[in-house]
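Student: task: produce atomic coordinates for the following.
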Amino acid sequence: MNDPRGVLFAVEPWNFPYYQIIRISAPQLTAGNVVVFKHASNVPQAAIAMEELLIKAGAPKGVLTNVFASHEASELIISDPRVRGVALTGSEAAGAAISSLASKYLKKSTLELGGAGAFIVLDDAEAEKAAEWAVFGRHWNGGQVRVSSKRLIVTEGVYDKFLDLYKAGVAKLVAGDPMDPATTLAPLSSQSAADEVQVKLDKAAAEGVTIEEIGAPVPQQGAFIRPTLLTDIPLDSVTAETEFFGPVTQLYKAKDADDAVRIANSSPFGLGGSVFSTDIHKAQEVARQLDTGMVYINQPTGVKADIPFGGVKRSGFGHELIDLGLKKFVNEKVVVISDIDGSF
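Tutor: Sure thing, here's the model as predicted:
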């Protein structure tokens with residue numbers, strides 16, 4: 001039988017401030033657990049709203065509880081014997097800190113960390129469709145998505161055509177007010193976030209990576225980064241192992257499908273990925289070889305309520321949503337019934 005463990009502590013990020021809370025709480029509340037969550041410090045209104053929305057929806061007070069806690073308070077919370085599990089979505093540094101505390105106090109944990117999803121385009125792919133999806137997959141939410149299509153890996157036979165289409169598509173993006181329906185490229189979450197991306201670009205330039213701005217000029221006001229393409233990236237470089245949390249695309253040319261898999265698996269991350277091909281069986285074969293938590297065929301890696309979400313390597317461990325999420329923090333209790341007379 002599946003018994004809920006009790007109180008779970010969730011640390012969640014800012015980039016999808018409502019969805020992230022739902023993704024951890026929906027399966028866990030269904031399983032009978034309750035959640036205490038510490039949201040990102042720059043979305044306090046969203047944290048309050050989520051707690052209030054559940055109460056308005058009829059949930060008992062306390063099944064989802066927001067706490068405005070400092071990073072230093074995490075150990076106090078995790079060490080409490082009433083807390084039976086820990087879930088975090090965030091940076092590698094935060095994940096390392098929280099998982100260390102969870103291990104210290106023998107609490108089960110799940111981590112969803114960074115990602116550098118491989119977007120593989122094989123020779124027989126529909127180049128127009130693949131390029132259109134790549135533009136969206138890399139730039140939605142301003143490129144501030146863990147499962148964004150950050151590394152485009154394109155085989156030689158379709159490389160030139162795909163690149164032309166991709167550049168043309170990115171050039172059509174409209175940067176502006178994110179509340180304006182006409183805007184298709186949002187600013188980053190803060191100026192410090194934009195500055196961090198620029199620092200990573202400067203480091204890439206120092207490593208000899210070719211850097212090309214391929215999008216239209218962006219507004220001077222706001223934390224915008226102009227869409228940028230990186231090519232000639234050595235696989236043993238720091239740049240190849242870097243997650244760019246903004247509209248920066250890494251592009252690699254592969255000789256064939258096997259070479260594409262080699263490039264894809266060279267990353268220390270393993271959250272999402274996608275494969276584009278008109279041969280579904282070939283795409284499935286490639287997908288099976290990718291060292292990543294999720295693979296979508298003929299669309300960018302996405303998020304859906306009925307698909308488990310999770311990664312491997314430096315992208316974390318464990319899954320959220322559906323059956324894997326429902327059973328992540330339950331005690332699968334074994335109950336054995338002996339003969340009524342108690343004999344062996």
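
Student: now residue 63: how far from residue 194?
Tutor: Using C-beta to C-beta, to the nearest Å, residue 63 is found at 37 Å from residue 194. Glycine gets a C-beta too; all of them are placed from N, C-alpha and C.

Student: neighbour count for these two, which is higher?
Tutor: When neighbours are counted by other C-beta atoms under 10 Å, residue 194 comes out ahead of the other of residue 63 and residue 194, with 19 against 16.

Student: ok, the residue lying closest to the more buried one once chain neighbours are set aside to residue 286 distance?
Tutor: Distances taken as C-beta to C-beta, 6 or more residues apart in numbering place residue 223 nearest to residue 194, at 4.1 Å, with adjacent residues excluded. Per C-beta to C-beta, residue 223 is found 37 Å from residue 286.

Student: which one's more surrounded, the two?
Tutor: residue 286 (24 against 19).

Student: find the nearest non-adjacent residue to that one, please.
Tutor: With C-beta to C-beta, 6+ apart as the criterion, residue 286 has its nearest non-adjacent residue at 4.9 Å, and that residue is residue 275.

Student: would you agree the one you found falls within a strand?
Tutor: Yes: assessed by DSSP: H, G, I helix; E, B strand; the rest coil, residue 275 belongs to a strand.

Student: buried ones in stretch 41-59?
Tutor: Using 16 or more other C-beta atoms under 10 Å as the test for burial, stretch 41-59 gives 43, 46-47, 50-51, 54.

Student: I'd like those written out as TSV, with secondary structure, distance to residue 76 and pLDDT added.
Tutor: Below are the buried residues of stretch 41-59 laid out as TSV (DSSP: H, G, I helix; E, B strand; the rest coil; distance: C-beta to C-beta, whole Å; pLDDT from 0 to 100):
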residue	secondary structure	distance to residue 76	pLDDT
43	coil	22	96
46	helix	24	96
47	helix	19	96
50	helix	22	95
51	helix	20	95
54	helix	25	93
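
Student: next, give me the two most distant ones among these.
Tutor: The distance between the two most remote of those (C-beta to C-beta) is 16.6 Å, for 43 and 54.

Student: tell me the bridge partners for the residue nearest to residue 286.
Tutor: Judged by DSSP bridges, the bridge partners of residue 275 are residue 120, residue 297.

Student: what bridges to residue 86?
Tutor: For residue 86, the beta-bridge partners under DSSP bridges are residue 9, residue 109.

Student: how much space separates it from residue 13?
Tutor: For residue 86, the distance to residue 13 equals 15 Å [C-beta to C-beta].

Student: with residue 88 instead?
Tutor: In terms of C-beta to C-beta, residue 88 sits 9 Å off from residue 13.

Student: same question for residue 203.
Tutor: Distance from residue 203 to residue 13, counting by C-beta to C-beta: 24 Å.

Student: so for the two, which sits in the more crowded spot?
Tutor: The neighbour count for residue 203 versus residue 13, taken as other C-beta under 10 Å, is higher for residue 13 (20 against 14).

Student: can you check the pLDDT for that one?
Tutor: Per-residue confidence at residue 13 stands at 95 (pLDDT).

Student: ok, now residue 71?
Tutor: Note for residue 71: predicted pLDDT of 87.

Student: returning to that earlier point: closest one of the buried residues of stretch 41-59 to residue 146?
Tutor: residue 43 (16.3 Å).

Student: how many other residues sit next to the closest residue to that closest one other than its chain neighbours?
Tutor: Of all residues not flanking residue 43 in the chain, residue 17 sits nearest, at 4.2 Å (C-beta to C-beta, 6+ apart). Under the neighbour criterion other C-beta under 10 Å, residue 17 is assigned a count of 19.

Student: ditto for residue 180
Tutor: Residue 180 has 10 neighbouring residues, counting by other C-beta under 10 Å.

Student: let me know the pLDDT of it.
Tutor: Residue 180 is assigned 94 on the pLDDT scale.

Student: make JSON lines out of the buried residues of stretch 41-59 and add distance to residue 301.
Tutor: Converted to JSON lines, these look like this (distance: C-beta to C-beta, whole Å):
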{"residue": "43", "distance to residue 301": "24"}
{"residue": "46", "distance to residue 301": "24"}
{"residue": "47", "distance to residue 301": "27"}
{"residue": "50", "distance to residue 301": "25"}
{"residue": "51", "distance to residue 301": "30"}
{"residue": "54", "distance to residue 301": "29"}
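
Student: just the closest of the residues you listed to residue 235, please.
Tutor: Residue 235 lies nearest to residue 43 out of the buried residues of stretch 41-59, by C-beta to C-beta, at 36.0 Å.

Student: my guess is the closest one contacts residue 14. True?
Tutor: Yes: with contacts defined as C-beta atoms under 8 Å, residue 43 counts as touching residue 14 at a distance of 4.7 Å.

Student: and the strands in the stretch 201-344 of the chain?
Tutor: 210-213, 228-231, 248-254, 269-270, 273-276, 296-297, 312-313, 316-317, 330-332 (DSSP state E, counting those that start in this stretch).
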